[in-house]
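Enquirer: quick one: sequence plus predicted model below, questions after.
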Amino acid sequence: MKVLVTAASRHGSTREIADAIAEELRRSTIDTECHDLGEITGIEGYDAVVFGSAIYMGNWLPEARSFAEEHRDEFSKVPVWVFSSGPIGAQNPQPQNNPNVLATTFGDVEVRDHRVFVGKIDPDELGLAERVVVKMVKAPEGDFRDWDDIRGWAKQIAAELHSIEQTV
Ligand SMILES: Cc1cc2nc3c(=O)[nH]c(=O)nc-3n(C[C@H](O)[C@H](O)[C@H](O)COP(=O)(O)O)c2cc1C
């Protein structure tokens, strides 16, 4: 079984979440590749996919939305897990977005689970317009990623993948 972990990331923090998930799957002896969404043209050749995107202005990055839409047929043939990373707009750094709404671009594809992970805002990495938005909404600055939460989720995926392997 070969698994793809892929993510759309603007400043790299969502990609690092994808890397941690991939590392955890490999630790569970699952053959796993991890790629930026921009590096791949499709998901053919993979038996399962973990797909992620950073959230900007209430939605996934455009490349994540278009990839999910364009490859629905391929996604509907394999087990799919989805994650999103935020947040912004609150003093309390919790994600503001409803996972079900974010994943609507997958249409009828059966998503096994969708998790929203708290992300990272480093003002030094942001462009001018982004800094203005962050200031306007008084978004909390810092790295709020919860690696135990992320790796715990990856372990659940690994367990499910092992049980899928046993039934085929
Ligand atoms: C300009 C801007 C807009 C953002 N909008 C949202 C948002 O609407 N909802 C949310 O949960 N997080 C939002 N975020 C937080 C990002 O999703 C978070 O910083 C994430 O970790 C960035 O991932 P990346 O480093 O992979 O690009 C925003 C961040 C910036 C800088």
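Expert: Looks like it arrived, so ask away.

Enquirer: in contact with the residue lying closest to residue 20 once chain neighbours are set aside, which residues?
Expert: Leaving aside its chain neighbours, residue 20 sits nearest to residue 150 (5.3 Å; criterion: CB to CB, 6 or more residues apart in numbering). The C-beta positions use only the backbone N, C-alpha and C, and glycine is treated the same way. Counting by CB atoms under 8 Å, 6 or more residues apart in numbering, residue 150 touches 17, 20-21, 117.

Enquirer: cutoff 10 Å now
Expert: Taking CB atoms under 10 Å, 6 or more residues apart in numbering, we find residue 150 in contact with 16-18, 20-21, 24, 83, 85, 115, 117-118.

Enquirer: can you give me the distance of it to the ligand?
Expert: Taking CB to the nearest ligand atom, to the nearest Å as the measure, residue 150 falls 12 Å from the ligand.

Enquirer: let me know the secondary structure of the residue nearest the centre of the chain.
Expert: The residue lying closest to the centre of the chain (CA atoms, centre = their mean) is residue 52, at 1.9 Å. Per DSSP: H, G, I helix; E, B strand; the rest coil, the secondary structure class of residue 52 is strand.

Enquirer: the longest helix seen in the chain: which residues count as buried?
Expert: In the chain, with assignment by DSSP state H, the single longest helix is helix 147-167. Within helix 147-167, the residues scored as buried using 16 or more other CB atoms under 10 Å are 150, 153-154, 157-158, 161.
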